[in-house]
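Colleague: here is a sequence together with a model predicted from it:
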Amino acid sequence: MYIVHVFVHVKDAHIEAFKRESAANATASRRESGVVRFDVLQSSADPTRFVLVEVYRDVEASLAHKETVHYATWRDAVAPMMASPRTNEKYVNVDPTDAHWV
């Protein structure tokens, strides 16, 4: 699996709008065949901080997601809502049965 954590800092005035746009994107993303999970998390300590947890079957599914209309709609809608540019970290799943991890 291929996992992406997207970190977003939203301007105070746009928190609710960001949540609406992100919920719509997450709902549509979950319908993609290559998406295993797509969550939008809001910090309990700082409500302007969000993490999108995107779990794909593989890198190709992640790339396909970026070609969807709902992703482009989300990207363009939330860009002016951000207090700073979003960042991300990419991960791969560790298989506990893999001999290298035993």
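Modeller: Yep, that arrived. Everything numeric in this text was worked out from a predicted model, so none of it was measured.
Colleague: which helices and strands sit right next to the helix or strand that H70 is a member of?
Modeller: Under the criterion of DSSP states H and E, H70 resides in helix 69-78. Secondary-structure packing of helix 69-78 (3 or more C-beta pairs under 8 Å, 6 or more residues apart in numbering; DSSP states H and E): helix 15-29. Every C-beta, even on glycine, is put in place using the N, C-alpha and C of the backbone.
Colleague: averaged pLDDT, the helix holding H70. What do you get?
Modeller: For helix 69-78, the mean pLDDT works out to 98.
Colleague: now stretch 21-30
Modeller: 98.
Colleague: sorry, back to before: got the buried residues for the helix holding H70?
Modeller: H70, Y71, W74, A77, V78 (16 or more other C-beta atoms under 10 Å).
Colleague: from these, pick the one nearest V4.
Modeller: Nearest to V4, judged by C-beta to C-beta, of the buried residues of helix 69-78 is Y71 at 12.1 Å.
Colleague: which residues touch that closest one?
Modeller: N25, S29, H65 (C-beta atoms under 8 Å, 6 or more residues apart in numbering).
Colleague: the second one contacts V69, correct?
Modeller: When you say that, I think you mean S29. No: in this structure, S29 is not within contact of V69 by C-beta atoms under 8 Å, at 11.4 Å.
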